[in-house]
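Undergrad: My questions concern the predicted model and sequence given below.
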Amino acid sequence: MINFSPSTNSDTNTSKLSYSVLVKNEQDGRFSAVVLGLSDCKSSGKTENEALENLQQLLRKRLKNSKIVTLEIDSPQTDNPWMKVAGMYKDNPLFDEVLAEIEAEHRQVDAEMEEYYRQIDAESEVK
C-alpha cells in the first residue's frame, strides 16, 4: 500500500514517505523497479540495489517541487439506506420462528455439503 500521508520525524523535523515497490528480475538479467500505484514511476539497473537507487533518485526529482497532501471529501450520501429497514421486524411475533427456519435450512445445507465432501474424499481414496 502506498502511504501518501507524510509523517514527520520529531527529532529531525523531516517528512518521510513510504512506497511499496515491485522489484522484478528481468529475463535479460537486469532488475526493474516500479512504485505500485504509480506505473509511470519506474527504473532499472544491473542489480536490485541499482534499480532501487535509480528509482529513489527519480522519486526525489519528482517530489522536489511538489508536496503530498491528504484530500478528504464529504460523502455525498449521509444516510445509510439499510438503516431504514434495519430492525423493522424485531417486534414481529413470527421473527423467532423465521430465524429458526433459517437456522434449520443452514444445518441442512451444511449436512449436504459435508456428505458431498465425504463422497469426494472416498472416491479419491479409491483412485
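TA: Arrived safely, thanks for sending.

Undergrad: all strands for the chain, in order.
TA: 3-9, 14-18, 21-25, 31-35, 38-45 (DSSP state E).

Undergrad: Return the distance of the last one from the chain's centre.
TA: Strand 38-45 has its average C-alpha position 22 Å from the chain's average C-alpha position, going by C-alpha atoms, centre = their mean, to the nearest Å.

Undergrad: and that strand, which strands flank it?
TA: Using DSSP bridges, the strands paired with strand 38-45 are strand 31-35 (antiparallel).

Undergrad: So which bits of the strand it pairs with are buried?
TA: 31-35 (16 or more other C-beta atoms under 10 Å). All C-beta spots, glycine's among them, are computed from the backbone N, C-alpha and C.

Undergrad: for stretch 17-33, same thing?
TA: Quick answer for stretch 17-33 (16+ other C-beta under 10 Å): 19, 21, 31-33.

Undergrad: How about stretch 39-53?
TA: Buried residues in stretch 39-53, counted by 16+ other C-beta under 10 Å: 41-45, 51-52.

Undergrad: Export the residues you listed as CSV, with columns for distance to residue 112 and pLDDT.
TA: What follows is these, written out as CSV (distance: C-beta to C-beta, whole Å; pLDDT from 0 to 100):
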residue, distance to residue 112, pLDDT
41, 52, 92
42, 51, 95
43, 55, 95
44, 55, 96
45, 57, 96
51, 54, 95
52, 53, 94
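
Undergrad: In those, find the pair that's most separated.
TA: Farthest-apart pair in the buried residues of stretch 39-53 is 41 and 45; separation 14.7 Å (C-beta to C-beta).

Undergrad: pLDDT score assigned to residue 33?
TA: In the prediction, the pLDDT value recorded for residue 33 is 95.

Undergrad: Touching, it and residue 23? I think so.
TA: Yes: Residue 33 is within contact range of residue 23, at 5.0 Å (criterion: C-beta atoms under 8 Å).

Undergrad: so what's the residue nearest to residue 45 when sequence neighbours are not counted up against?
TA: Leaving out its chain neighbours, the residue that sits closest to residue 45 by C-beta to C-beta, 6 or more residues apart in numbering is residue 51, at 3.7 Å. The contact partners of residue 51, taken as C-beta atoms under 8 Å, 6 or more residues apart in numbering, are 23, 30-33, 43-45.
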